[in-house]
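Q: sequence and predicted structure are below.
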Amino acid sequence: MKINFGGKERGFQWGMGCLERYCELMDCDIEGLDLAFKPGRDQNKAMTNLLLAAMGNYADLHDEAIDFTYPKIQAWLDDAPQGTLNELMDDFKKSKYLGKAIQDYFTQEETEEGQGSGNVKKK
């Protein structure tokens, strides 16, 4: 996926390379993906690191210079048009990991309010 982000068109490459980077940045395993999708102490950190991982993965795959940092991504998110983060997260969920859509790794356990939890399935 490519969007105008931080003043120029930037690519986001999800998948195995992104998830490996994300897990290293967050010091978690794959089950730590839910941190980016549920409110909590680490949600902002997780969302920023997920984007940092995807942008770094894209840059490496396309031999592009990395001209972004964690604080820059945070500032760009603050300044981005409304809906940009949702667009990125939707694209992430539709992306593939080991041949399967990322969203298929998430459960939609119903709560009393009828909201899905977004927890990653335990294998």
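A: That came through, no problem. Fair warning: this is a prediction, and the values are worked out from it, not measured in the lab. Numbering: from 1, shown residues only.
Q: which residues touch whichever strand or helix holds Glu87?
A: Following DSSP states H and E, one finds Glu87 within helix 84-94. With contact meaning Cβ atoms under 8 Å, 6 or more residues apart in numbering, helix 84-94 is reached by 1, 3, 5, 12, 14, 36-37, 47, 50-51, 54, 77, 101-103, 106. All C-beta atoms are positioned from the backbone trio N, CA, C, and that covers glycine.
Q: filter those to the buried ones?
A: 1, 5, 12, 14, 36-37, 47, 50-51, 54, 77, 102, 106 (16 or more other Cβ atoms under 10 Å).
Q: so which of those belong to strands?
A: Using DSSP state E, the members of the buried ones among the contacts of helix 84-94 that fall in strands are Phe5.
Q: pull the most distant pair out of the buried ones among the contacts of helix 84-94.
A: Phe5 and Phe106 (24.3 Å; Cβ to Cβ).
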